[in-house]
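K.L.:
no sequence for this one, just the structure:
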C-alpha cells in the first residue's frame, strides 16, 4: 500500500527517525517520507519508529492508502528532486 | 476533495503560512493541515500560499484525493486532539 509519513520529533531524535524512515521509504521533504509498504513492512516500520520516539513528546502521522489509491501530489515553492532521485 | 498539506518554510514565514492554512484546513500536526476543499477553494488556497512563500526557499506539499478516497490516518507518539477539536 502507499504510505505517507510526517514526523514531528525533538531535534535530538531527528537523526534516528530520519535513518529509520530511510530504511523503508523515500524522502520527499524535510520531515516527510513516502513509499510502498506491505502490511508486514508497515508493522515492522511501526515497531522501529516506536523504538525511537518519545511517546510523551514526539508525534508521527502515517497516512495509508489501499493498493491503487495513490494520491495526487502537488509541490509549490522550491523545486525538489523527485523521491526516486533522492534514494 | 480531501487534502493534506505539509509545509517546510523559513521560520519568519511560519506565522503567515500557518494563518493561511488555518483559513482553509484543520491543523493536525506542527506543519500539517488536513481538510475538504472544492477545486475552486484549492485554487484560492494555492494563490494564497504562493503569495506567502519564497519560491527560492520554501516548499509546500499538497496531497489531494478524489471524493470518497479519504486515507486512513495512524498517529504514533503523543496523543493530539482530533482535527475537529482544534478548530
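P.N.:
In hand now; what should we look at? Just so it is clear, the model here is predicted, and its values are computed rather than measured.

K.L.:
Would you mind listing what in chain A touches chain B?
P.N.:
A:4, A:6, A:8-9, A:28-32, A:46, A:49-50, A:53-65, A:69, A:71-78, A:80 (C-beta under 8 Å from any C-beta of the partner chain). Every C-beta, even on glycine, is put in place using the N, C-alpha and C of the backbone.

K.L.:
Out of those residues, list just those in strands.
P.N.:
A:4, A:6, A:8, A:28-29, A:32, A:59-65, A:72-77 (DSSP state E).

K.L.:
of those residues, buried ones?
P.N.:
Buried subset of these (neighbour count, 16 or more other C-beta atoms under 10 Å in any protein chain shown): A:4, A:6, A:8, A:28-29, A:32, A:59-65, A:76-77.

K.L.:
Need the max-distance pair from those residues.
P.N.:
Taking C-beta to C-beta as the measure, these span a maximum distance of 26.1 Å, between A:64 and A:77.

K.L.:
Confidence-wise, which helix or strand of chain A is lowest on average?
P.N.:
Ranked by mean pLDDT, DSSP states H and E, the weakest helix or strand in chain A is helix A:83-86, scoring a mean of 48.

K.L.:
Need the per-residue pLDDT for residue A:1.
P.N.:
In this model, residue A:1 is scored at 89, pLDDT.

K.L.:
ok now do it, which residues does it touch?
P.N.:
A:36, A:37, A:38, A:39, A:42, A:64, A:65, A:66, A:67 (C-beta atoms under 8 Å, 6 or more residues apart in numbering or on different chains).

K.L.:
Sounds good, over and out.
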